[in-house]
Structure formats: C-alpha cells, structure tokens
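Peer 1: The following comprises the amino acid sequence and a computationally predicted model.
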Amino acid sequence: MKTINLSEVRDKVKDMVQEANFELQDDVLKVIKDMQAKEESPAGKAVFEQILKNSDIAKKDKLGLCQDTGLAIFFVELGEDVKLNKEDGLGSLKEAFEEGVRIGYKEGYLRKSVVEDPIRRKNTGDNTPVFIHWELEPGDTFKVTFIAKGGGAENMSQVRMFAPAAGKEGLEDFVVEVVDTAGSNPCPPIIVGVGVGGSFEYSALLAKKALLRKPLGSHNPDPFYEDMEKRLLERINNLGIGPQGMGGRCTALAVHVEAFPCHIASMPAAVNIQCHSHRVLKFEL
Ligand code: SF4
C-alpha cells in the first residue's frame, strides 16, 4: 500500500503544465532536427528554423511555446493499492488536478482556453475543467501523463466507423485523407495519432493515447503496425503540405498507431492530429 498526498499531486501538476508549455522535450527536438536536415524546400527549412528559435526563447524566458496553451488533458494510471491522503483543503484526486492546473496556468501566464458551455462560450477563466482519463491498475502504481491539446490540431481530427472489409488499405487511405484535408490548419509538421478498433469512443481515446508514446517516432511493437506507421509517414510526407503548409517534404514528424480488439461487425478508426508544439510530459509518484 502506497500513500500519496494530494498536495504533492497538485504541486507536481502545477509544475508539469508549465514545463510542458515552456519546453519541447528532447525526443521531440531530436525528431524536429532530424526532419529539418531532410527538408528540401527553402520555405520549409525556414519554418523549422523558426520553430527551433521559438523553442529556445520559450525555454529561456519561460513563455508559452504557443499562444494556444490547450486543453489540459491527463491520462492517469492509478493502482488499486494506492491510498490518497486528503489534506491541504483538497477533498479528492480530481480536485488536486484541477487546483494544479488552476495555479500552474495562472502562475505561468498561460492562456485560459476553456469555455464553460460549447454554445454560449463564456471562458471559465482558469483553464478548468481538466480532462482526465482514469485507468485502474493492480498494485500501487501512480503514473500521470499530461498533454496540452491546442484547438487547431484537435479540430482537424476525425472518427469513422468502417466495415471490417475496409482492412488496412481502408484505414491507411482514411488517415492520409484526414491529413490531406487538414492541410496547414493543424500547424504542421504534425504528429498523427491513429486508433483502430475498440468502439466508437474508444478508438478516439486510442488515437489520443497514440500521441503520448515516448520517444516520439518510436514504433508499435507489433511489426504489422510498425510497417503501417512507416508506410503512412511516407505517404503523408509525399503530400507536399510541408512545414506550416509552406510546401516541402515534412508534413508529419511521426505516425503512431494503436490497435485494440473490436466487434466482429465493425472497424472503428480515429485520427487525432497534434501540432509540432507537442507538449507531453509524464510523472510518477
Ligand atoms: S495547432 Fe498547435 S501550434 Fe497551432 S495554434 Fe494550436 S497549439 Fe499552437
């Protein structure tokens, strides 16, 4: 049995939302630099230079990498043997996450990007509510992954329900079509998260989880999906959209595919697009 203080969760969340918004992590920078070296278009090369310069300034001056500091989305692996110590005025784990985001976004001068109603659109003023996907695990694990998800890339994401006969060709054509339709809107070079299988809603969750894979550009351990990731990256980078839509060889930095069992009559598929401002961080207690 492990005991975790809610104040510790709040403080870790407060720090992680700022660090994620100020610094591109090493694995992301590595892929960006590798792709920069391969980019042939002068305009595309110039965009890469701007992205790297922006990243240096954001890290040094503790400024948001992008004005869109995103929805605060968390994936939490919570062990059944974890005991939560409710203290410091925090009554629940969810409250600790909300408070960490509230303080972190305020302290870091990060834009508050959440409206309290999708139609009436009044800003909640503190970037809450947070979006938490809980996964109950055996043991005393407590792992948190954060992704700041900007609206531009999220808006270009899609879910589609296929008949099983669509197969890998149908899935791959769909992924390329989604990226092609998105064009410059999601601020390429992008990361493409693909979820296939599960159910309607689960495929979307898989696609988002695919974006969290570390290091960026690593492959699915199943060779079938590894090959698919490689083929998709090549097809997407042959579209010619290029960095920020300026034309070029690099439209995507990586394609990550996650699969899951599904109904005999269905093949749900989702594509979750992430921009080059790929703000993902993890912590473990
Ligand atoms: S898509 Fe990404 S880089 Fe573009 S504005 Fe949104 S958060 Fe910023």
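Peer 2: Yes, it's here. No experiment lies behind these values; they were computed from the predicted model shown.

Peer 1: Now do the helices in the stretch 51-200 of the chain.
Peer 2: Under the criterion DSSP state H, counting those that start in this stretch, the stretch 51-200 of the chain carries helices at the ranges 93-107, 151-154, 167-182, 200-211.

Peer 1: so which of these gets nearest Ile264?
Peer 2: helix 167-182 (14.4 Å; CB to CB). The C-beta positions use only the backbone N, C-alpha and C, and glycine is treated the same way.

Peer 1: Which elements pack onto the closest one?
Peer 2: Contacts defined by 3 or more CB pairs under 8 Å, 6 or more residues apart in numbering; DSSP states H and E place helix 167-182 against strand 158-162, strand 190-198, helix 223-237, strand 267-274.

Peer 1: Tell me which of the ones you listed is the most buried.
Peer 2: strand 267-274 (a mean of 27; mean count of other CB atoms under 10 Å).

Peer 1: mean confidence score for that strand?
Peer 2: Strand 267-274 shows a mean pLDDT of 98 in the predicted model.

Peer 1: close to the ligand, is it?
Peer 2: No. Applying CB under 6 Å from any ligand atom, one finds strand 267-274 separated from the ligand by no less than 7.7 Å.

Peer 1: Distance check, the residue of the chain found nearest the ligand against Gly217.
Peer 2: Closest contact between the chain and the ligand, by CB to the nearest ligand atom, is at Gly150 (2.2 Å). Computed as CB to CB, to the nearest Å, the Gly150 to Gly217 distance reads 20 Å.

Peer 1: returning to what we had before: give me phi/psi at the closest residue to the residue of the chain closest to the ligand other than its chain neighbours?
Peer 2: With sequence-adjacent residues excluded and distances taken as CB to CB, 6 or more residues apart in numbering, Gly150 is closest to Asp68, at 4.0 Å. Phi and psi for Asp68, reported as degrees, to the nearest 10, are phi -90, psi 100.

Peer 1: what residues does the stretch 151-285 of the chain put near the ligand?
Peer 2: Residues of the stretch 151-285 of the chain lying near the ligand (CB under 6 Å from any ligand atom): Gly151, Gly152, Ala153, Pro186, Cys187, Cys275, Ser277.

Peer 1: redo that, cut-off 8 Å
Peer 2: Gly151, Gly152, Ala153, Glu154, Asn185, Pro186, Cys187, Gln274, Cys275, His276, Ser277 (CB under 8 Å from any ligand atom).

Peer 1: so who does the last one touch?
Peer 2: Spelled out, it's Ser277. The contact partners of Ser277, taken as CB atoms under 8 Å, 6 or more residues apart in numbering, are Leu24, Leu65, Cys66, Asp68, Gly150, Cys187.

Peer 1: Please repeat the previous calculation with a cut-off of 7 Å.
Peer 2: Leu65, Cys66, Gly150, Cys187 (CB atoms under 7 Å, 6 or more residues apart in numbering).

Peer 1: Not counting residues beside it along the chain, what's closest to the second one?
Peer 2: Spelled out, that is Cys66. Ser277 (4.5 Å).

Peer 1: for Val13, same thing?
Peer 2: Nearest non-adjacent residue to Val13 (CB to CB, 6+ apart): Gly100, at 2.6 Å.
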